[in-house]
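**Q** turn this into a model:
(3 chains)
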Amino acid sequence: MNSFFALFPLLIIVFIALAVLILEVFLKRENRDYLAYISLVFLVICAFVCIQFWNKAYYYFDGNLLLDQFALFFTFILLLSTGFVVLLSMKYISLQDVNYGEFYALLLLAVSGAIIMVSSPDLLVIILGLEVLSISSYALTGLKRKDELSSEAAIKYFLLGSFATAFLLFGLALLYGASHSTGIPTIIRYFNTEADLSLMALIGLGLIVIGFGFKIALVPFHMWTPDVYQGAPTPITAFFSVVPKAACFAIFLRIFYPFWKTAFDSQAIFWLLWGISVLTMVVGNLVALRQTNVKRILAYSSIAHAGYLLVALLAQDNSSLVFYLTVYLFMNMGAFAAVIALSKKDKEYLELEDYSGIGFKYPWIGVTLSIFLLSLAGFPPTGGFLAKFYVFSSAVRQGLVPLVIIGVLASLISVYYYLRIIVHMYMREPSREVDIVVENPALFLVLFLCLYGVLQLGLYPRNILVLINQAVSLL
Amino acid sequence: MIPPNYFLILSIILFVLGVIAFFIKKDLLTMFMAVEVMLNATNLAFLSLARSANSIDGQVIVFFIITVAASEAAVGLAIILLVLRQKKTIKTEDIKLMKG
Amino acid sequence: MGYFLFFLLAALCVGSVLGMIISKNQAYNALFLIPAFASLGGLFGLLEAPFIAVVQIIIYAGAIMVLFIFVIMMINVQKGVPPEKKKWTLYLSFGLAVVLVIELAVALKAAFTLPVSTETLKAGPVNLGRLLFTKYLYPFEITSILIIAALVGAIVLVKKKEQE
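**A** Numbers count the residues shown, from 1 in each chain, chains lettered A, B, ... in the order given. All right, here's what the predicted structure looks like:
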């Protein structure tokens, strides 16, 4: 197939981002919902175009663009989460006064960056894609321009994000110096064939891990996460908790799966990731215990989940990593949808105290949020349980027993703070007046779809597992 | 001809100086300048490694890094202006609404 | 002659960055960066990258630093900042400093074994352009998306509030 056609999925997203920018001028403020509908329609069209490329793993543009099943599956994950975020934003942006047409445009540009990342085997292109994603994210974070929290979050995200980009690029420079290429296959071949590896290459790879670690929010590179998650508009927080993580883990899989298999000396990098994984699981869960803001609790919980995902990476179990990401997408989006539901004009209810008695006052929100939280904590019969089960059991099979013990203990700790929210919802007398805008069909659609996803993946995951195995088989 | 090693060592020194500056400076604008120094150090590293490998690919990559730096500058300075308008200051010790 | 130029430019560059670290005035910091970036441009020239050297001076020392100074003009430049240690970066800065020192030590060792090529590079604008539009066409197109994202982001953050 022609190189130009392979650009279609990306072009559709970028085109619609620009179209949204232009259309915004012609639409009245109260008609801005149309921008969301248009974005949704084209996200679906993009997904359909992607299906056409399934099973045709070709390289395009001198090997800079690769549309294999793996890239396409991650593109689906990214499109789906962006679709959820668009649905969540529709009411939210007019209630919270971030009703700019640029909102959707930046969101679509951000996801186009993530799509560029997952569909390229070249680290230069990947870093450029990450930069598109990051730059749009910085702007999205600061979009609540009257809110000081939002701009503080934006400046923290921006400074630490660009700091991380510098690390990534310096790491890339060292890898380029060692292997004379920026393509992942060539770099891996270098690690594969050079018996006496120059330290330059190892340090380069280490710097790349650190740079991506910042973007995924792995401990100890996570300090920005809770503040950014708290300050950003809540649908954008939901976006941050899924899309950059999914994209960066896709890159980790592309780098490390062949790396573990063939590299002569992978010990240093293995133990680096091992340590980061332990720190991430333990610190993420422990610090979450003393948070009182629900967005911050979810921020630390997403940090901890990145730790479990690293366990899957270390266990070399690609399909359970991708399965975990898929489940995580549904349960996390769902939890954020419930948090967004608890808001009214210019006011969001985010403190734990506000959740007292919510379960009886708004039964649908209470029930769904409880299920998402139980899934995040890893209770059966939800998808969260199955995902953790797959990850930990394959880690045991790989002989990573200490890591699994730490992981299981950490997720036991996490049960406490997830249950604390549920206890507040059902077993506390309402202490504050909470009054929310109930008619929000788009948001309830997201709640329902995520509920379906979490239960379907928990009870009958076979179809999706077949798909995932196809996707990772060609790595 | 000067060996590329010299340039690579200089680039590492500059990169570390940038990191140090990022952590000890106490205003947002200078912290961002430190990031620019780090990116420039990266450019120098790419060029010296390209020289050593005798290929001009490294020089093309430097183009992309300069683009990245420029677009970061645009968004970053906009965010700094936003903070400045709200708080009338860009010192880091005044950026502390969120804790925990 | 080459060595003399290298050490002169390297000293100028490191000295200016050190000046930026020591000085407490934002305007001076920005002014210090201009010779640093300009001398880097000279170093690029020594590395047989004349075109990149020109681009460096035009974009960094020209455009980006002008932007910085433009922002500084909007700030009431305060003299000095109280010597208080930031808390939220303290933990990290310590760890990273240690890691970086190790990295520096090790990488310096690696750097001494870099191969030296004596052929001259054909790094004129023609060759660079040819490479940019063949092998690097895809990243080149991506930079257009990057610039659009940056433009939209910057404008939406600082534009005037629209009329209700």
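
**Q** only C-alpha atoms from now on, for both contacts and neighbour counts.
**A** Will do.

**Q** how far is the longest helix that chain B contains from where the chain is centred?
**A** Secondary structure of chain B read by DSSP state H shows that its longest helix is helix B:57-87. Counting by C-alpha atoms, centre = their mean, to the nearest Å, helix B:57-87 is centred 9 Å from the centre of its parent chain.

**Q** do the same with stretch C:30-41
**A** On C-alpha atoms, centre = their mean, the centre of stretch C:30-41 falls 9 Å from that of its chain.

**Q** before we move on, the earlier item: briefly note if the longest helix of chain B comes near chain C.
**A** Yes - Helix B:57-87 reaches chain C (C-alpha under 8 Å from any C-alpha of the partner chain) through B:57, B:59-60, B:62-64, B:66-68, B:70-79, B:81-82, B:84.

**Q** and residue A:53, how close does it get to residue A:390?
**A** Between residue A:53 and residue A:390 the distance is 29 Å, computed by C-alpha to C-alpha, to the nearest Å.

**Q** for residue A:213, same thing?
**A** 23 Å.

**Q** of these two, which one has the most company?
**A** residue A:213 (23 against 17; other C-alpha atoms under 10 Å in any protein chain shown).

**Q** and the residue lying closest to that one once chain neighbours are set aside, how far is that from residue A:126?
**A** Spatially, and ignoring its direct neighbours in sequence, residue A:213 is nearest to residue A:221 (6.3 Å; C-alpha to C-alpha, 6 or more residues apart in numbering or on different chains). Look at residue A:221 and residue A:126: by C-alpha to C-alpha, they are 20 Å apart.

**Q** settle it for me: which of the two has more neighbours?
**A** Between residue A:221 and residue A:126, counted using other C-alpha under 10 Å, the more crowded position is residue A:126 (26 against 20).

**Q** report pLDDT for that one.
**A** We have a pLDDT of 96 for residue A:126.

**Q** wasn't it part of a helix?
**A** Yes - residue state for residue A:126 (DSSP: H, G, I helix; E, B strand; the rest coil) corresponds to a helix.

**Q** can you give me every residue that contacts it?
**A** A:116-118, A:120 (C-alpha atoms under 8 Å, 6 or more residues apart in numbering or on different chains).

**Q** if you set the cut-off to 6 Å instead, what comes out?
**A** residue A:117 (C-alpha atoms under 6 Å, 6 or more residues apart in numbering or on different chains).

**Q** surely the residue nearest to residue A:213 is in contact with residue A:214?
**A** Yes - if you go by C-alpha atoms under 6 Å, residue A:221 and residue A:214 touch, sitting 5.0 Å apart.

**Q** distance of residue A:374 from chain B?
**A** Using C-alpha to the nearest C-alpha, to the nearest Å, one obtains 24 Å as the distance from residue A:374 to chain B.

**Q** tell me the residues of chain C that contact chain A?
**A** C:139, C:146, C:149, C:153 (C-alpha under 6 Å from any C-alpha of the partner chain).

**Q** let's see it at 7 Å
**A** C:107, C:110, C:135, C:138-139, C:146, C:149-150, C:153, C:156-157 (C-alpha under 7 Å from any C-alpha of the partner chain).

**Q** sticking with residue A:143, tell me its helix or strand.
**A** Following DSSP states H and E, one finds residue A:143 outside all helices and strands.

**Q** tell me where the model's unsure across chain C.
**A** For chain C, applying pLDDT under 70 flags the ranges C:76-94, C:97, C:104-105, C:107-113, C:117-118, C:161-164.

**Q** where do the helices of it begin and end?
**A** Using DSSP H, helices in chain C cover C:2-22, C:26-46, C:50-56, C:65-74, C:90-111, C:125-132, C:137-158.

**Q** which one of these lies closest to residue B:23?
**A** With C-alpha to C-alpha as the measure, helix C:90-111 is the member of those nearest residue B:23 (6.1 Å).

**Q** element containing the spatially closest residue to residue A:92 that is not a sequence neighbour, please.
**A** Nearest residue to residue A:92, sequence neighbours excluded (C-alpha to C-alpha, 6+ apart): residue A:340, at 7.5 Å. Using DSSP H and E, the element containing residue A:340 is helix A:318-341.

**Q** what comes into contact with that helix?
**A** A:81, A:88, A:234, A:238, A:242, A:246, A:309, A:312-313, A:365, A:369, A:372-373, A:375-376, A:383-384, A:387, A:390-391, A:443, A:446-447, A:450, A:453-454, A:457, A:468-469, A:472 (C-alpha atoms under 7 Å, 6 or more residues apart in numbering or on different chains).

**Q** which ChimeraX command selects the buried ones in the residues you listed?
**A** ChimeraX command restricting the contacts of helix A:318-341 to the buried ones, with burial defined by 16 or more other C-alpha atoms under 10 Å in any protein chain shown:
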select /A:81,88,234,238,242,246,309,312,313,365,369,372,373,375,376,383,384,387,390,391,443,446,447,450,453,454,457,468,469,472
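
**Q** out of the contacts of helix A:318-341, which sit inside helices?
**A** Short answer: the contacts of helix A:318-341 in helices (DSSP H) are A:81, A:88, A:234, A:238, A:242, A:246, A:309, A:312-313, A:365, A:369, A:372-373, A:375-376, A:383-384, A:387, A:390-391, A:443, A:446-447, A:450, A:453-454, A:457, A:468-469, A:472.

**Q** so what's the residue count around the residue of chain C found nearest chain B?
**A** Relative to chain B, the nearest point of chain C is residue C:154 (4.7 Å; C-alpha to the nearest C-alpha). By the criterion of other C-alpha under 10 Å, residue C:154 has 24 neighbours.

**Q** cool, residue C:100 as well?
**A** Neighbour tally, residue C:100, other C-alpha under 10 Å: 17.

**Q** ok, residue A:15 next?
**A** There are 16 residues near residue A:15, going by other C-alpha under 10 Å.

**Q** ok, now which ones touch residue C:38?
**A** C:57, C:61.

**Q** try it again with 6 Å
**A** Counted by C-alpha under 6 Å, 6+ apart, residue C:38 has contacts residue C:57.

**Q** on that earlier part again, average pLDDT for the helix holding residue A:340, rounded please.
**A** 94.

**Q** in it, what's buried?
**A** A:318-341.

**Q** and the next helix or strand past that helix?
**A** strand A:343-344.

**Q** parallel or antiparallel, which strands does that following strand pair with?
**A** Here strand A:343-344 has these sheet partners by DSSP bridges: strand A:347-348 (antiparallel).

**Q** distance between the strand it pairs with and the chain's centre?
**A** So, by C-alpha atoms, centre = their mean, the centroid of strand A:347-348 is 24 Å from its chain's centroid.

**Q** and for stretch A:299-307?
**A** 11 Å.

**Q** for chain A, which residues are neighbours of chain C?
**A** Residues of chain A lying near chain C (C-alpha under 6 Å from any C-alpha): A:125, A:132, A:136, A:139.

**Q** domain map for chain C?
**A** C:1-78, C:122-164 (automatic domain parsing).

**Q** return the most buried member of those domains.
**A** Mean neighbour count (mean count of other C-alpha atoms under 10 Å in any protein chain shown) peaks for domain C:1-78 among these, with a mean of 18.

**Q** residue boundaries of the strands in chain A?
**A** Along chain A, counting by DSSP state E, strands occupy A:59-60, A:65-66, A:343-344, A:347-348.

**Q** could you dump those strands to JSON lines with mean neighbour count?
**A** Listed next are these as JSON lines, based on neighbours: other C-alpha atoms under 10 Å in any protein chain shown:
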{"stretch": "strand A:59-60", "mean neighbour count": "18"}
{"stretch": "strand A:65-66", "mean neighbour count": "24"}
{"stretch": "strand A:343-344", "mean neighbour count": "19"}
{"stretch": "strand A:347-348", "mean neighbour count": "16"}
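
**Q** output those strands in a markdown table; the columns should cover distance to residue C:15.
**A** Shown next, in a markdown table, are the strands of chain A (distance: least, C-alpha to C-alpha, whole Å):
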| stretch | distance to residue C:15 |
| --- | --- |
| strand A:59-60 | 46 |
| strand A:65-66 | 42 |
| strand A:343-344 | 54 |
| strand A:347-348 | 50 |
